[in-house]
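*Asks:* sharing a model prediction with you, sequence too.
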Amino acid sequence: MSKMEHFKIYCEVALSSNILNRAIKISLIVGTLLNLINQGENIFTLNFENLNIAKLLLTYFVPYGVTTYTATAMKMEFHIGSKAIIEADLKCLDCGALIHVKKDELIPECPTCGIKTHWKLR
C-alpha cells in the first residue's frame with residue numbers, strides 16, 4: 001500500500017463523525033477554559049480592542065488537533081477485539097502474518113502471536 005493510500009485512509013478516519021464530534025466537544029470545553037485563563041480579563045470586561053483574536057482562535061484549534069490526532073492514531077492501530085473502522089489488509093508486526101478485515105468486522109488475533117498481536121496497515 002502506498003503512502004498516499006495510507007494518508008487517504010488516515011484522513012477518512014480523522015474525518016469520521018465520531019472523531020469529529022469528540023474533537024469539537026473537547027475543543028469547545030478546553031479552548032474556552034484556556035481562553036478564560038489567558039484572556040479572561042479582556043473577555044469579562046468586553047475589552048475587544050485588547051482581545052487577541054488569533055490567540056483566541058488558535059486556543060480552540062490546538063485541542064481540536066490534538067484530540068483528532070490522538071483518536072485517529074488509536075483507531076489506526078487495529079487492536080484485536082475491536083471493530084475495524086475501514087476495510088483493510090493488515091500485517092502482524094511480530095510474525096508478518098497477513099489478514100483482510102471488512103469494515104465493522106471484529107479484528108481477530110494473529111494465529112501465530114495470539115493475544116500479543118500488533119496489526120498494522122499493509
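*Replies:* In hand now; what should we look at? Residues are numbered from 1 along each chain as shown.
*Asks:* list the buried residues for stretch 97-115?
*Replies:* For stretch 97-115, burial by neighbour count (16 or more other Cβ atoms under 10 Å) applies to 99, 101, 107, 110, 113. (Each C-beta comes from the backbone N, C-alpha and C, glycine too.)
*Asks:* can you tell me which helix or strand the first one belongs to?
*Replies:* To tie it back to what came earlier, the one meant is I99. Using DSSP states H and E, I99 sits within strand 98-101.
*Asks:* max pairwise distance over the buried residues of stretch 97-115: which two?
*Replies:* V101 and C113 (15.9 Å; Cβ to Cβ).
*Asks:* for the residue lying closest to A14 once chain neighbours are set aside, what are its contacts?
*Replies:* With sequence-adjacent residues excluded and distances taken as Cβ to Cβ, 6 or more residues apart in numbering, A14 is closest to T72, at 4.4 Å. Each residue near T72 by Cβ atoms under 8 Å, 6 or more residues apart in numbering is listed here: 10, 13-14, 19.
*Asks:* could you rerun that using 10 Å?
*Replies:* Residues in contact with T72 (Cβ atoms under 10 Å, 6 or more residues apart in numbering) are 9-16, 19, 23, 85.
*Asks:* can I get those in TSV including secondary structure, distance to K120 and neighbour count?
*Replies:* Below are these laid out as TSV (DSSP: H, G, I helix; E, B strand; the rest coil; distance: Cβ to Cβ, whole Å; neighbours: other Cβ atoms under 10 Å):
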residue	secondary structure	distance to K120	neighbour count
I9	helix	12	18
Y10	helix	13	16
C11	helix	18	11
E12	helix	17	12
V13	helix	14	19
A14	helix	17	17
L15	coil	21	11
S16	coil	19	16
I19	helix	19	20
A23	helix	24	21
I85	coil	14	20
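*Asks:* any idea which of the residues you listed is closest to I29?
*Replies:* Nearest member of the contacts of T72 to I29, counting by Cβ to Cβ, is A23, at 11.1 Å.
*Asks:* just to check, that closest one is in contact with I29?
*Replies:* No. Counting by Cβ atoms under 10 Å, A23 does not reach I29; the two are 11.1 Å apart.
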